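J.: Any chance you can model this:
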Amino acid sequence: MDARFADARMDPRAHWETVYQTRRPHEVSWYRARLDASLALIEAAVPDRDARIIDVGGGASTLVDDLLARGYRDVAVLDVSSAALDVAKARLGEAAADVEWRCGDATTAPLPANHYDVWHDRAAFHFLTRAEDRAAYVRQVQRSVKPGGRVVVATFGPAGPQKCSGLDVVRYAPNALLAAFGSAFRLETALTELHETPAGTVQPFTYCRFRLEPAACA
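T.: Next up, the predicted model:
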């Protein structure tokens, strides 16, 4: 592992600040110029351009650019790294003022209740290797997503890498990802994406879209 990250592994915020302060956005393994699978799953779930969407662990991702370009007017980005958010803000320029930026941990950040129509997460949930952290994450989703709202989550698939950015990850098939979220969620669709990293390695990702069942929010 790169020595620059060795001391940061015990502190997630420090780790990701180091990553985004020392690597350009297109150099990280999870980089994609456009998140086509995410965009398709979101647009199919919420064609209404007034839908409230939060990109969790969005960091320097270009998803926010494409959502704005498609006319979505209520987009938030949450990431533990302020350096990652600064990259996205700088790239968007004046359009950054149209986005709600939140810096914090997805498991503990103070998010509004029953607020979001879509919760999107590509490549953040699979870093939660402790059961208590996964449970805290799911509680956040249940609290902040509207009853009947959608949750789009992408993780490494069963044949994906066991580590990323020097950190352990949990790999999921669709049924395992649904089990991790629990009975409050209904699986609407699932797909596998073969992601080619900037270094040319192919990594399988599992994408799932869940519906938060209204009865679970009663």
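J.: tell me which residues form a beta bridge with the most centrally placed residue in the chain?
T.: For the chain, the residue nearest the mean C-alpha position is Asp121 (2.0 Å; Cα atoms, centre = their mean). On the basis of DSSP bridges, Asp121 is bridged to Val153.
J.: how about it, what does it touch?
T.: For Asp121, the contact set (Cβ atoms under 8 Å, 6 or more residues apart in numbering) comprises 55-57, 106, 151-154. C-betas here are computed from N, CA, C, even on glycine.
J.: and with 7 Å instead?
T.: Asp121 sits next to 56-57, 153 when contact means Cβ atoms under 7 Å, 6 or more residues apart in numbering.
J.: Of the residues you listed, which one scores lowest on pLDDT?
T.: Across the contacts of Asp121, the smallest pLDDT goes to Gly57, namely 94.
J.: State the distance from that residue to Val118.
T.: According to Cβ to Cβ, to the nearest Å, Gly57 and Val118 sit 14 Å apart.
J.: Need the CA coordinates for stretch 92-108. CSV is fine.
T.: The C-alpha trace of stretch 92-108 is given here as CSV (Å, rounded to 0.1, in the frame of the first residue of the first chain):
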residue,chain,number,x,y,z
LEU,A,92,-19.1,22.9,-12.0
GLY,A,93,-18.2,26.6,-11.6
GLU,A,94,-21.2,28.8,-11.3
ALA,A,95,-23.5,25.8,-11.5
ALA,A,96,-22.2,24.7,-8.1
ALA,A,97,-24.5,27.2,-6.5
ASP,A,98,-27.4,25.1,-7.7
VAL,A,99,-26.3,22.1,-5.6
GLU,A,100,-26.6,21.4,-1.9
TRP,A,101,-23.1,20.4,-0.6
ARG,A,102,-22.8,18.4,2.6
CYS,A,103,-19.6,17.3,4.2
GLY,A,104,-20.0,14.4,6.6
ASP,A,105,-20.1,10.6,7.2
ALA,A,106,-23.1,8.9,5.6
THR,A,107,-23.7,7.0,8.9
THR,A,108,-23.9,10.1,11.1
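J.: So for that stretch, mean pLDDT?
T.: If you average the pLDDT values across stretch 92-108, you get 97.
J.: That stretch: how far from the chain's middle?
T.: How far stretch 92-108 lies from its chain's middle: 13 Å, per Cα atoms, centre = their mean, to the nearest Å.
J.: Check stretch 67-79 too.
T.: With Cα atoms, centre = their mean as the basis, stretch 67-79 stands 13 Å off its chain's centre.
J.: ok, and what's touching it?
T.: 49-59, 64, 85, 88, 95, 98-104, 106, 109.
J.: just the buried members of these?
T.: Buried members of these, scored by 16 or more other Cβ atoms under 10 Å, are 51-59, 64, 85, 88, 99, 101-103, 106, 109.
J.: How far off centre is the lowest-mean-pLDDT helix or strand in the chain?
T.: Every helix and strand of the chain was ranked by mean pLDDT, DSSP states H and E. The lowest is helix 12-22, at a mean of 71. Mean-position distance between helix 12-22 and its chain equals 17 Å (Cα atoms, centre = their mean).
J.: try stretch 80-90
T.: 14 Å.
J.: The helix or strand following the least confident helix or strand of the chain - contacts with which helices or strands?
T.: Later in the chain than helix 12-22, the nearest helix or strand by DSSP states H and E is helix 36-45. Helices and strands touching helix 36-45, by 3 or more Cβ pairs under 7 Å, 6 or more residues apart in numbering; DSSP states H and E, are strand 116-122, strand 145-156, strand 202-212.
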